[in-house]
Structure formats: structure tokens, C-alpha cells
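Visitor: let's see this in three dimensions:
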Amino acid sequence: MTANPTVAARRPRPRGRARRAVTSLAAAAALVASAALTGCAAERDDDVYTVLNSSTDETYHRWDAEAMARCGKRLGVTVEQQSVPASQVMTKALRMASSKSLPDVVQFDASEMPTFAEAGGLVDLRTLGLSTEHVPHGIVDFGSYRGTYYGAARSVNTLALFYNKDVLAEAGVRTPATWDDLRAAARELTRGKRYGLALSAGGAEDGVFQFTPFMWSNGGDERELDSPEVVEALDFWKALLKDGSLSRSTVNWTQADVNDQFMAGNAAMMINGPWQVETLNSDPGLDWGIAGIPVPEAGADSVAPLGGAVLTVPRTGDDERQRTAGRIVACLTSEKEQLTYALNSWMVPADERAAAEWRSQVPELDALADQVAAARSRTAQLGAGWPAVSLALQSAFQSALTGQSSEAALKRAQQRATSGN
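Guide: Predicted coordinates for the structure are as follows:
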């Protein structure tokens, strides 16, 4: 497959944090309530506004700088970005809160945003004039905490089924649509050193991100990890492993590793996201396609997770600056800016009008837009409680895929998620 050549280099995806890190963030969030809400101690230039983000990649940093320059010119201010690695955004924001030097806008990974919101450190974007009229409900939830809209997304991503067109055509295998189809296709496509399917079941957020489509599409729920529906989803992964259609190394693979295996010809299909498109297109001999993630039964909705970041306005104690910060967020998430950003990054615009135009310009990724339309936020049900569930699921994968029964592994996971131990 070939597509728009104006793309970014592969952007590393956020990784799961160890239990110690999650616990320390929860404790540190108290700094927001005690420090950030008391006002800003740092001197600020009235006409200079700062955005804290994770655009450390040169290409993304440049795109963001260009967008901020356009919006700054439109609003009569200067907008500067301060970029740190994605894993450091939360801790950096918390440190800045403690020193009363919060930036005007923070771009959080959406799964982390509830931690800051729970402490009362963010402004309701609707009070700053931002509208969600053309934003799908699932994406509004993606940027919300307990029903309040704190984070506006420029673009979102999700997972889909990528497949090697040549390999499937040679084997006479149709693109699978159901679990039975997927299992049969994966068996048929497994030959020699090539596995039928590659996915990430590693002990990190990558693995949890990849498991949720199977859990949710089967009617499972993160609030009841030991339900029959979740057990059945994990049993399906175990069946693929038992068939020999998955490598046993899947328990160690990140999503980047999965893409490497697919590009090397070691997997005929993979579960992955649009952040891999640029790397896939770097091999002109690889003819790949994309489809929705197969579902338990024909006609069921394929419900995948939403990924990406949201732009938020921290409570700094300066109402006037917060209003201007809101206008900056509104500009960066405008229809035109979303489309520009999405076409560069291969992500799907959050605004449905921009998404419709995006579909027309990259029709080969249409299935991804369909997947986004039914996708949901990982934190919609549990908010700041999601990290505990993620850690519990990570442990369950490792246990179940290396010998323990899915039922026992998920029963333990539910106990861990509930007790925090």
C-alpha cells in the first residue's frame, strides 16, 4: 500500500508504568490541589503562552511549532512549546504545579489526564467556550473525567488488523471478519518461520491496549475482569498460541516489535495502529492492507480502544490567561488544524467534519476511521482507577499465556485490581 508521503517517522507509543510509578503519581497528584490551585508564583510574559507536550520527535516538534505559530498569529500572542518524553509529561506537570509555574496548556496522554483532573487541576473546557458539537461521543468521553470535558483531542488512534495482501492472496485466504475466521486464517497462513498473526501480549500498556478489542467486543468489562466474557477473550488468545499461529515471544513483544515481525515477513497479519504506517510505507515491496479487528460473531461491533493525547488547560489562578489558553486549544483543535495534523501523522481527526475529509484523502485507511467511530476510552468507566486494572491485566496475560488457566489468571487480576495488591 502507498499513501500520502507527507508523514512522520514512527512515533514511540506510551509504555505502561510499573506499580511503583503509578502509586507515586497518585500521591504526587495532591500537589496539584495544594499548589496549583493557589495561583501562579512565576512571573509570566503577558503575550507569551507555553504548551507542555511530548513532541520530542523532530518532525512532530516542527509540525506543532508551525501550528502554534499559526494560532499565535491568529490570536495576537506567541505560543511556545516545551517538549519532554511522553513518560515524563505527568511528572513534569506535577513538579511545575508544586513550584506554581504551570504552563498554560498541557498535552496529556488521555489515559493519564484523569489523574490531574481528579485533583481539581484542570479547567472545564466548555466554560472556556470549546464546543463538542462535531465530536463523536466516544472521543468526548476520551477527554472527559466524571462527565466534565477537560481534554480536547486533535486526532485519535486505535487498533486495526493489518495484513500482507500478497501472502493472503497466495494462500487463497480472505480477510477475516470473525474470531473463527481469524483463527482459521492464522492457522492456514502459518508456514515455516512465518506465523499467521502477530500481536503484543507483553507485560505493559501495549498488551492491555491490544487485549481490549477482544474483551470489549465480546461484551467484557474492565470493572469485572473475571467475567465469562473476559475469560473467553483471553482463552481465544490462548487458542491462537496453542494452534501455533502466534509466536510464544508475543508475551515479550511491544507494538513496535510486532510491526518489525510483520515487515520482516515473520507474520502474515498483525494487530497494530496507524503510527506504524510511515514505517510500513518505507518498504515499497510490502503490499499491505487494513481491516477492522475481527469480532466474536458476525454482525457484532468491533470495539477498540482510543489512543492519543488531549490538550488541557491547567488551573493557574489567572482567569484571563486561562481564557486565552482556551482559545489556543480551540485553534489547535479547529477543523482545519486537525486535518493538517492528521494527514501528517496518519491519525484520525477527532472532529467528524475533518474526519470525513480525511477519509476522502486517504481512502486506503477508511477501515481505521470505521474502527475509531466505534472505539472507546480506556478510562471512561474507571477514570484514575484505570492504571490498577491495566497492571492487573498485564500480569494475567503473562500467567495465562505461559500455562495458567485464563479463569484463574483473571480471578487473580480482579482481586489485584480491587485491592491494589
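
Visitor: please tell me how far residue 355 sits from residue 406.
Guide: Distance, residue 355 to residue 406, using CB to CB, to the nearest Å: 36 Å. Where you see a C-beta, it was placed from the backbone N, CA and C, and this is true even at glycine.

Visitor: ok, now which ones touch residue 107?
Guide: For residue 107, the contact set (CB atoms under 8 Å, 6 or more residues apart in numbering) comprises 51-54, 89, 309-312.

Visitor: direction included, what does the helix or strand containing it pair against?
Guide: Assessed by DSSP states H and E, residue 107 sits inside strand 105-109. The strands beside strand 105-109 in its sheet (DSSP bridges) come out as strand 48-53 (parallel), strand 309-312 (antiparallel).

Visitor: which residues are contacting the helix or strand just after that strand?
Guide: Scanning forward in sequence from strand 105-109 by DSSP H and E, the next helix or strand is helix 113-118. Defining contact as CB under 8 Å, 6+ apart, one finds that helix 113-118 is touched by 25-26, 29, 32, 90, 93, 106, 108, 122, 143, 145-146, 148, 150-151, 310, 312, 314, 379, 383-384, 386.

Visitor: then stretch 186-197?
Guide: 167-168, 171, 173, 176, 182, 185, 240, 243-247, 261, 265-271.

Visitor: quick check on the residues you listed: which are buried?
Guide: 167-168, 173, 176, 182, 185, 240, 243, 245-247, 261, 266-271 (16 or more other CB atoms under 10 Å).

Visitor: so residue 331 makes contact with residue 74?
Guide: Yes - with contacts counted by CB atoms under 8 Å, residue 331 reaches residue 74, the gap being 6.0 Å.

Visitor: between these two, which one's more packed in?
Guide: Comparing residue 331 with residue 74 by other CB atoms under 10 Å, the one with more neighbours is residue 331, at 19 against 13.

Visitor: so what pLDDT did the closest residue to that one other than its chain neighbours get?
Guide: Spatially, and ignoring its direct neighbours in sequence, residue 331 is nearest to residue 71 (3.7 Å; CB to CB, 6 or more residues apart in numbering). Residue 71 carries a pLDDT score of 98 in this model.

Visitor: so residue 71: helix, strand or coil?
Guide: Of the three states, residue 71 takes helix under DSSP: H, G, I helix; E, B strand; the rest coil.

Visitor: residue 131 versus that one, what's the distance?
Guide: In terms of CB to CB, residue 71 sits 17 Å off from residue 131.

Visitor: those two: which has the busier surroundings?
Guide: residue 71 (22 against 11).

Visitor: list the contacts of that one.
Guide: Residue 71 touches 79, 328, 331-332, 337, counting by CB under 8 Å, 6+ apart.

Visitor: what about 6 Å?
Guide: 79, 328, 331-332 (CB atoms under 6 Å, 6 or more residues apart in numbering).

Visitor: wait, residue 162 sits on residue 267?
Guide: No - taking contacts as CB atoms under 6 Å, residue 162 lies outside contact range of residue 267: 9.4 Å.

Visitor: leaving out chain neighbours, which residue sits closest to the most centrally placed residue in the chain?
Guide: For the chain, residue 307 is the residue whose C-alpha lies nearest the centre (CA atoms, centre = their mean; 1.7 Å). Nearest non-adjacent residue to residue 307, counting by CB to CB, 6+ apart: residue 157, 4.6 Å away.

Visitor: tell me, how many residues neighbour that neighbour?
Guide: 26.

Visitor: let's number from 2 now, not from 1
Guide: Done: numbering now begins at 2, and the last item shifts to residue 158.

Visitor: so it sits against residue 275, correct?
Guide: Yes - with contact defined as CB under 6 Å, residue 158 and residue 275 form a contacting pair (5.3 Å).

Visitor: right, and the helix or strand after the host helix or strand of residue 232?
Guide: If you go by DSSP H and E, residue 232 is part of helix 229-244. Going down the chain from helix 229-244, the next helix or strand is helix 256-264, by DSSP H and E.

Visitor: which strands or helices does the helix or strand following that following helix pack on?
Guide: Counting by DSSP H and E, the next helix or strand C-terminal to helix 256-264 is strand 268-273. Other helices and strands packing on strand 268-273, by 3 or more CB pairs under 6 Å, 6 or more residues apart in numbering; DSSP states H and E, are strand 161-165, strand 196-199, helix 256-264.

Visitor: adding distance to residue 399, write those out as CSV.
Guide: CSV is the format used below for these (distance: least, CB to CB, whole Å):
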stretch, distance to residue 399
strand 161-165, 24
strand 196-199, 18
helix 256-264, 16
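
Visitor: among those, which is the most enclosed?
Guide: Most buried of those, by mean neighbour count (mean count of other CB atoms under 10 Å): strand 196-199, with a mean of 27.
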